[in-house]
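Trainee: Quick one, structure for this:
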Amino acid sequence: MVRRNTRTVGLDAERLALDTLRRQGLVPVSQNFRCRLGEIDLIMLDDACLVFVEVRYRASNRVASARQTVDIHKQRKIIRSAALFVAKRSRFARSTMRFDVVAIDDHEHNGQTLEWIKDAFRPGDSSL
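Mentor: Modelled structure (predicted):
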């Protein structure tokens, strides 16, 4: 079995998530937005809604599933980074915003499962 480095695995997971969301009608705005507060994997438009997407991948040998790894601390970083993204791009200032998670679990002998969790968390849930 060939092991891939984490960067390659992460890029493949983001590509899979992007392709999946595009097929569902979302339009890409930005990828891998980085700022001093953190990073957002994908930023997309779902009609008039600005969607911030966290992509998580986990191999089958991990204790937690991919969706379980987006904890309160990660949510806070994403929310703060999203606020900075919108502050720097005034055209999105009045947009409705949503925070989604695309969780990809690799089951060694049964292939991958991809779960798109719309509205996975909200700023009020994260006790900023």
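Trainee: Report the beta-bridge partners for residue 56.
Mentor: Residues in a beta bridge with residue 56, per DSSP bridges, are residue 103.
Trainee: swap in residue 42?
Mentor: Going by DSSP bridges, residue 42 forms beta bridges with residue 31, residue 53.
Trainee: mind saving the C-alpha coords of the helix or strand containing residue 51 as CSV?
Mentor: Assessed by DSSP states H and E, residue 51 sits inside strand 49-59. Output of strand 49-59 as CSV, limited to C-alpha atoms (Å, rounded to 0.1, in the frame of the first residue of the first chain):
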residue,chain,number,x,y,z
CYS,A,49,-25.8,32.6,0.1
LEU,A,50,-22.1,32.9,0.8
VAL,A,51,-20.9,29.4,2.0
PHE,A,52,-17.7,28.8,3.9
VAL,A,53,-16.7,25.2,3.6
GLU,A,54,-14.4,23.2,5.9
VAL,A,55,-13.2,20.0,4.2
ARG,A,56,-12.1,17.2,6.5
TYR,A,57,-10.6,13.8,5.5
ARG,A,58,-10.0,10.9,7.8
ALA,A,59,-8.5,7.5,7.0
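Trainee: Centre of the chain to that strand, how far?
Mentor: What separates the centre of strand 49-59 from the centre of its chain is 1 Å, taken as Cα atoms, centre = their mean, to the nearest Å.
Trainee: Go through stretch 30-38 and flag the buried ones.
Mentor: Within stretch 30-38, the residues scored as buried using 16 or more other Cβ atoms under 10 Å are 33, 35, 37, 38. Bear in mind the C-beta positions are built from the backbone N, C-alpha and C, glycine included.
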